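*Asks:* Let me see the structure of the following:
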Amino acid sequence: MRHADVNDHGAGTCLSLDVLSVGRTLLVSRGRLQRDRQGTGVDSNSDATDQASADHVDAFIRQLKLLIAGLVAVVLLPLLIYTWYLDRRLDSFELTLQHRPPDSLESDESSRVDLAYEPVAPSQGQVVYVPAYSHVYHGDGQPYLLTITLSIRNTSLDRPITVRSVKYQATDGRLLKSYLDQPVKLPPLGTTEVVISREDSAGGSGANFIVEWFAREAVTAPIIEAVMIDTSGEQGISFARRGEVVREARLATVAPTESTPSNNGSAAN
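*Replies:* Purely as a prediction, here's the structure:
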């Protein structure tokens, strides 16, 4: 009997240990489940927080985009309007600069038949001094070579003139060249020219022409000028100088010669 009790007691002890072990396992599982549930709740809260932050960032970006669009509209729209206004003004200004031929003006069919035109400051001949420059100076005194064109223009509408001589002098007054061997006739409104090449720098900065002309009848004085030009550099240069009258022609008067007494008269006396 005692042996049976002992066995029963041992069996009860084992059962108690098994229950404790199961209970202990259940408690461990429950704790794990709670921890998992708590962890799941934390993750859910974290996800909700991240979602709220993303929503705030999206809202801020939308507001920033709207602000930038508003600023662009405020700045760009007036510029576009001002550009359009300037373009219209320039178009209207260019229209005022367009070429208008004489026949576009108002016609005037009235005429005067009581007018007669006479030459202005008529002359029968002149000696004209024309300044010219085979070079000019620039920088620290470096010469800038130029091409010279002497232009002689007959301004008379109906009468020719005669060019008697064209002489080219250097800065020191030396005669460099005479361009006419004999006088030449220049027809009404005609022009003749003399060209000094850029490489011919003998004239210097004080070069000059002496032009002598005459006419059979009084005419308006010709326009005589020298044009200097050079386009060999990046920036071209050109200028002109008008001639100055230094002598005016006039009819030469013949002095009367003294008459010698005749031999007959002397004898009569």
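
*Asks:* which stretches of this protein form strands?
*Replies:* 123-131, 135-138, 142-145, 147-153, 161-169, 175-178, 184-186, 191-196, 208-219, 223-230, 237-242, 244-248 (DSSP state E).

*Asks:* would you turn those strands into JSON lines with distance to A73 and mean pLDDT?
*Replies:* For every residue, glycine as well, the C-beta is placed using N, CA and C. Formatted as JSON lines, the strands of the chain follow (distance: least, CB to CB, whole Å; pLDDT from 0 to 100):
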{"stretch": "strand 123-131", "distance to A73": "64", "mean pLDDT": "97"}
{"stretch": "strand 135-138", "distance to A73": "54", "mean pLDDT": "93"}
{"stretch": "strand 142-145", "distance to A73": "56", "mean pLDDT": "93"}
{"stretch": "strand 147-153", "distance to A73": "59", "mean pLDDT": "98"}
{"stretch": "strand 161-169", "distance to A73": "72", "mean pLDDT": "97"}
{"stretch": "strand 175-178", "distance to A73": "74", "mean pLDDT": "97"}
{"stretch": "strand 184-186", "distance to A73": "72", "mean pLDDT": "97"}
{"stretch": "strand 191-196", "distance to A73": "64", "mean pLDDT": "97"}
{"stretch": "strand 208-219", "distance to A73": "69", "mean pLDDT": "96"}
{"stretch": "strand 223-230", "distance to A73": "54", "mean pLDDT": "97"}
{"stretch": "strand 237-242", "distance to A73": "51", "mean pLDDT": "96"}
{"stretch": "strand 244-248", "distance to A73": "68", "mean pLDDT": "96"}
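
*Asks:* Quick one: closest of those strands to L77.
*Replies:* strand 237-242 (47.4 Å; CB to CB).

*Asks:* any idea how far E199 is from S53?
*Replies:* Plainly put, E199 is 84 Å away from S53 if you go by CB to CB, to the nearest Å.
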